[in-house]
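> Take this sequence and fold it.
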Amino acid sequence: MCFSATASFTFAAALAPAGIVCVRYAHALGASWMGFAVFPLAFAVQQAMEGLVWLGLDHGRPLLIDWGAAGFLFFSHLFWPIAVPVAVHLFHREENPGGTILAALMAAGVALGMVLFVPVVASLGNIPVSTQTGSISYHLPQLLPREGVRLALKLTYVGIIVGALGLSSDRSIQGFGALIALSLVATELWFPAAFISVWCYFAAVLSLCLVAVLAPEARTCAT
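So this is what the prediction gives:
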């Protein structure tokens, strides 16, 4: 997240109870919502990992920087491209919207996650990180040096995340996907140097909307 270790840890602390509430609501509704319900908890851990990066940068602790960055990038590069299409699949197990397209997105998420995270694992002990415009920048060009390859992977990543959410027949999930897409555009326009960190922050903020989505569903189910 932008700004500081305090901001990252504070936001993580705010996301955690929201995530617990979402999981409780999803438990009452059944397994279909559980994939989405864990998003705020996952973002809480991811933001806490970036808090460690900030601490490492502030106090000159390379070990904190490296393991915090590895934890943050685990979520951004491996977890999210897999978790998002899987969550859509779990929500629509009986309807199977998108059919083979959603199945292809799930498979692509696994493959892309592995391609993106392997260089991170290979760079443990020397993950390049710095601060730019008040945000953390992960210098992945050093991990994936060819610009054309980076662009192709980035477009694939966006297609998996936004495409999976857009395939849902549920309007609240479609709306969530539209907000994620808008946050991506805003990040690309105003925070390109720290794209990964800032877009994950925006997505984490938007994950709080899931409380508002699940609460009425749970109340309806209880009546």
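
> could you dump the helix or strand where residue 56 lies to PDB, C-alpha only?
Counting by DSSP states H and E, the element that carries residue 56 is helix 39-59. Coordinates of the C-alpha atoms in helix 39-59 are reproduced here as PDB (Å, rounded to 0.1, in the frame of the first residue of the first chain):
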ATOM      1  CA  PHE A  39     -11.000 -11.900  -0.500                       C
ATOM      2  CA  PRO A  40     -10.800  -9.400   2.400                       C
ATOM      3  CA  LEU A  41      -8.800 -11.800   4.600                       C
ATOM      4  CA  ALA A  42      -6.400 -12.500   1.800                       C
ATOM      5  CA  PHE A  43      -6.000  -8.800   1.100                       C
ATOM      6  CA  ALA A  44      -5.400  -8.300   4.900                       C
ATOM      7  CA  VAL A  45      -2.400 -10.700   4.800                       C
ATOM      8  CA  GLN A  46      -1.100  -9.100   1.600                       C
ATOM      9  CA  GLN A  47      -1.200  -5.600   3.000                       C
ATOM     10  CA  ALA A  48       0.500  -6.800   6.200                       C
ATOM     11  CA  MET A  49       3.300  -8.300   4.000                       C
ATOM     12  CA  GLU A  50       3.700  -4.900   2.300                       C
ATOM     13  CA  GLY A  51       3.900  -3.400   5.800                       C
ATOM     14  CA  LEU A  52       6.900  -5.600   6.400                       C
ATOM     15  CA  VAL A  53       8.500  -4.200   3.200                       C
ATOM     16  CA  TRP A  54       7.900  -0.700   4.500                       C
ATOM     17  CA  LEU A  55       9.500  -1.600   7.800                       C
ATOM     18  CA  GLY A  56      12.500  -3.100   6.000                       C
ATOM     19  CA  LEU A  57      12.900   0.000   3.800                       C
ATOM     20  CA  ASP A  58      12.500   2.400   6.800                       C
ATOM     21  CA  HIS A  59      15.000   0.600   9.000                       C
END
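
> residues contacting residue 210?
With C-beta atoms under 8 Å, 6 or more residues apart in numbering as the criterion, the residues that contact residue 210 are 18, 22, 36-37, 39-40, 176. Glycine gets a C-beta too; all of them are placed from N, C-alpha and C.

> Would you quantify the distance from it to residue 148?
Note on residue 210: its distance to residue 148, by C-beta to C-beta, to the nearest Å, is 36 Å.

> roughly how far is the worst-scoring helix or strand of the chain on mean pLDDT from the heart of the chain?
Least confident helix or strand, the chain: helix 209-222 with a mean of 83, by mean pLDDT, DSSP states H and E. Taking C-alpha atoms, centre = their mean, to the nearest Å, one finds the center of helix 209-222 at 22 Å from the center of the full chain.

> on that earlier part again, residue 107: which of the contacts of residue 210 is nearest?
Relative to residue 107, the closest of the contacts of residue 210 is residue 36; by C-beta to C-beta it sits at 20.3 Å.

> What count of nearby residues applies to the closest one?
Burial of residue 36, expressed as a neighbour count using other C-beta atoms under 10 Å, amounts to 26.
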